[in-house]
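J.: Here's my sequence, what's the structure:
(2 chains)
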Amino acid sequence: MQVLRLYFRHVAIHVRAAMEYRASFALMLVIQVLTPLSALAGVYFLFQNFGALQDWTLPQILLCFAVTYLSFALAECFGRGFDTFSRLIRQGSFDRLMVQPRNLILLTFCSDFALNRVSKIGLALCLLVYAALHAGIRWTAYKLLVLVLMALSGTLVFLGVWIAFAALCFVTIEGLEVVNIFTDGGRELSSYPLDIYLKPVCRFFTLVIPFGVMNYLPLRFLVGKAPAIYGLSPLYALPFLAACVGVFYLGVRHYRSAG
Amino acid sequence: MRPRVWWAVFALRCKNALQYRTAAWAGVCTQFAWGFMLIMLYQAFYRSNAQQSMQFSQLVSYVWLHQAFFAIVNTYARDGEIGEMVISGQVAYELCRPQDLYFIWYARLLAQRFAAALLRFPPVVLVALLLPQPYGLLPPASPWHLLLFLLTLALACLLITAISMIMHTLVFKLMNLLSAMAVLSVFAEFLSGDILPVPFMPPWLRAVSYCLPFRYCADLPFRVYSGSIGLQEAALSVGVQLFWILLLGLLGHAFLSKQLKNVVVQGG
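T.: Reported below is the predicted structural model:
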């Protein structure tokens, strides 16, 4: 409880700070929805052109797309501290966190909060509801639960990837651009169901970096292509996140200050 | 008008940018990953319906060339130093020089794109040529197509730099490089065919993109290479490119002069 109270105290501070620059904040809200909208237009026009993507319909793809973007935006909003972790290291701010008597991961979460992602979250939620109603799925309580699990597990996977790569910053100091292949690239890749890609790619992003468990596998259950047990695959995000946290602490042990 | 000075700025900036080898390798890796992802995605789409205005092999060439010369066509590329200069007031020193600032900054931005592309394109093109079909880059449709590809690509580089100059000048008005460019960049990116190749756009949007300068920065050269745009249309498009370079150059020059007249530098 105390942990949550501490976290939300920090969130309140970040929100107040953002509200000091209202015009800039409003502009950021607009900018944040432009990129997903342009990606969405791309998907829509491709479908108009080709008519179908293997055996997936447009609303089903949109459901996939919405889950990915919702998860990514949620992860960006809450996990901004890990997204820009190299800055913490370079400025020496991480040293300051280390002398505070609290959990390091909690403190990094507290270090930043990106309120301006709410517009992106809102857009993704609207799209999710639209796609869920038009994807030809007969919704039951279990299926709704699976849908919630999908969005949550996606957030955890993106956070996990950032946390694991943050550990890399302990060694490299600078942020690595190559990492974007797995974060931004992962987002683009998993906005479509993974079975349209080559088998090894599909397997890698289901088992090793499990973007597939947030939409592809459970979506197969939702549209009736796989048994009900597939609906629980998002739970795989938990052991993945645990492994990433393990990697992070391994990095902390080898950390020498750069500040 | 001092072409020698412009050349000196260009050469210096190029040498500067050529130092960032590690960043270039990271760029090449990213470009490969994106290229493969896009090709697999389009392959799945073509499996569903292969009757398209663009053949799959032409699309593959389009994707690889786009990745190889990404540094040239990237609408998000920005020179942080210019933004810094304007906001911090350093720009006053730039104004002390007896030079037209437009051309100095133009040479800077051009060098940035040119040098970044020079480092990145050889490995991407080389490997893409060696890849097995249908994933590999095919040779150009004919020597003439290759020639026109190179010409339109060079002009595209000049054109996008002219567009970029206008975006950078906006900093005088908005005082924030990132937000000034972000909005424009998204539209420019979409209309130049970066998100969705122009042939896949619905007719009305294709018409819009043909009326604006952005597709002449990316879509044109990459489709000329594979023969998706014929020689005649390509030759005509060179004229359109020249028209846009001249128009946007003049507009950008006037815009910058106007902003510089009103510039307020604070502090001492």
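J.: Now the residue in the stretch 151-259 of chain A that chain B sits nearest to: closest residue in space that isn't a chain neighbour?
T.: Residue nearest to chain B within the stretch 151-259 of chain A: residue A:196 (3.6 Å; Cβ to the nearest Cβ). For glycine as for every other residue, the C-beta is placed from the backbone atoms N, C-alpha and C. Once flanking residues are discounted, residue A:196 sits nearest to residue B:44: 3.6 Å by Cβ to Cβ, 6 or more residues apart in numbering or on different chains.
J.: so where does that neighbour fall, helix or strand?
T.: Under the criterion of DSSP states H and E, residue B:44 resides in helix B:21-48.
J.: can you give me the mean pLDDT across that helix?
T.: Averaging pLDDT along helix B:21-48 gives 87.
J.: How about stretch B:173-180?
T.: 67.
J.: Next SSE downstream of the helix or strand residue A:24 falls within?
T.: Assigned by DSSP H and E, residue A:24 belongs to helix A:22-50. With elements assigned by DSSP H and E, the helix or strand that comes after helix A:22-50 is helix A:58-78.
J.: Next to chain A, which bits of the stretch 1-150 of chain B? Give me the list.
T.: Proximity of the stretch 1-150 of chain B to chain A, by Cβ under 8 Å from any Cβ of the partner chain, involves residues B:23, B:26-27, B:29-30, B:33-34, B:37, B:40-41, B:44-49, B:52.
J.: try 7 Å this time
T.: Neighbours of chain A within the stretch 1-150 of chain B, by Cβ under 7 Å from any Cβ of the partner chain: B:23, B:26-27, B:29-30, B:33-34, B:37, B:40-41, B:44-45, B:47-49.
J.: Select only the buried ones of those residues in PyMOL?
T.: With 16 or more other Cβ atoms under 10 Å in any protein chain shown as the burial test, the buried ones among the residues of the stretch 1-150 of chain B next to chain A are selected in PyMOL as follows:
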select buried, chain B and resi 26+27+30+33+34+37+40+41+44+45
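J.: Residue B:85: which of the residues of the stretch 1-150 of chain B next to chain A is nearest?
T.: residue B:23 (22.2 Å; Cβ to Cβ).
J.: can you count the residues close to residue B:182?
T.: As a burial measure, residue B:182 scores 20 neighbours (other Cβ atoms under 10 Å in any protein chain shown).
J.: what sits against it?
T.: Shown in contact with residue B:182 (Cβ atoms under 7 Å, 6 or more residues apart in numbering or on different chains): residue A:31.
J.: Looking at the residue of the stretch 151-259 of chain A closest to chain B now. What's its pLDDT?
T.: Listed pLDDT for residue A:196 reads 88.
J.: So it versus residue A:243, what's the distance?
T.: According to Cβ to Cβ, to the nearest Å, residue A:196 stands 27 Å off from residue A:243.
J.: In terms of neighbours, single out the busier of these two.
T.: When neighbours are counted by other Cβ under 10 Å, residue A:196 comes out ahead of the other of residue A:196 and residue A:243, with 22 against 13.
J.: roughly how far apart are that one and residue A:22?
T.: To residue A:22, residue A:196 is 43 Å away according to Cβ to Cβ.
J.: same deal with residue B:16?
T.: Taking Cβ to Cβ as the measure, residue B:16 falls 39 Å from residue A:22.
J.: between these two, who's got more neighbours?
T.: For residue B:16 versus residue A:22, the count of surrounding residues by other Cβ under 10 Å is larger for residue B:16: 13 against 9.
J.: Burial check on the spatially closest residue to residue A:94 that is not a sequence neighbour, number of neighbours?
T.: Nearest residue to residue A:94, sequence neighbours excluded (Cβ to Cβ, 6+ apart): residue A:88, at 4.6 Å. Residues contacting residue A:88 under the criterion other Cβ under 10 Å number 23.
J.: Quick one, grab the pLDDT at residue A:88.
T.: Looking at residue A:88, its pLDDT is 81.
J.: Then the one 3 residues further on?
T.: Reported pLDDT at residue A:91 in the predicted model: 80.
J.: Now for chain A, the helix or strand with the poorest mean pLDDT.
T.: helix A:85-90 (a mean of 81; mean pLDDT, DSSP states H and E).
J.: Report the backbone C-alpha coordinates of that one in CSV.
T.: Presented in CSV, the C-alpha positions along helix A:85-90 are these (Å, rounded to 0.1, in the frame of the first residue of the first chain):
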residue,chain,number,x,y,z
PHE,A,85,16.8,5.1,-19.1
SER,A,86,20.1,6.0,-20.7
ARG,A,87,19.4,9.6,-19.7
LEU,A,88,19.2,8.6,-16.1
ILE,A,89,22.6,6.9,-16.3
ARG,A,90,24.3,9.7,-18.3
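J.: could you say what helices and strands the helix or strand just after it packs with?
T.: As assigned by DSSP H and E, the chain's next helix or strand after helix A:85-90 is helix A:93-98. Secondary-structure packing of helix A:93-98 (3 or more Cβ pairs under 7 Å, 6 or more residues apart in numbering or on different chains; DSSP states H and E): helix A:104-111.
J.: in the helix it packs on, what counts as buried?
T.: Judged by neighbour count using 16+ other Cβ under 10 Å, the buried positions of helix A:104-111 are A:105-111.
J.: quick one: which of these is nearest to chain B?
T.: Nearest to chain B among the buried residues of helix A:104-111, counting by Cβ to the nearest Cβ, is residue A:111 at 20.8 Å.
J.: which residues of the stretch 151-268 of chain B score low on pLDDT?
T.: For the stretch 151-268 of chain B, applying pLDDT under 70 flags the ranges B:175-178, B:180, B:265-268.
J.: What residues does it have near chain A?
T.: Near chain A, when you scan the stretch 151-268 of chain B using Cβ under 7 Å from any Cβ, you find B:179, B:182-183, B:186, B:189-190, B:195-196, B:200-202.
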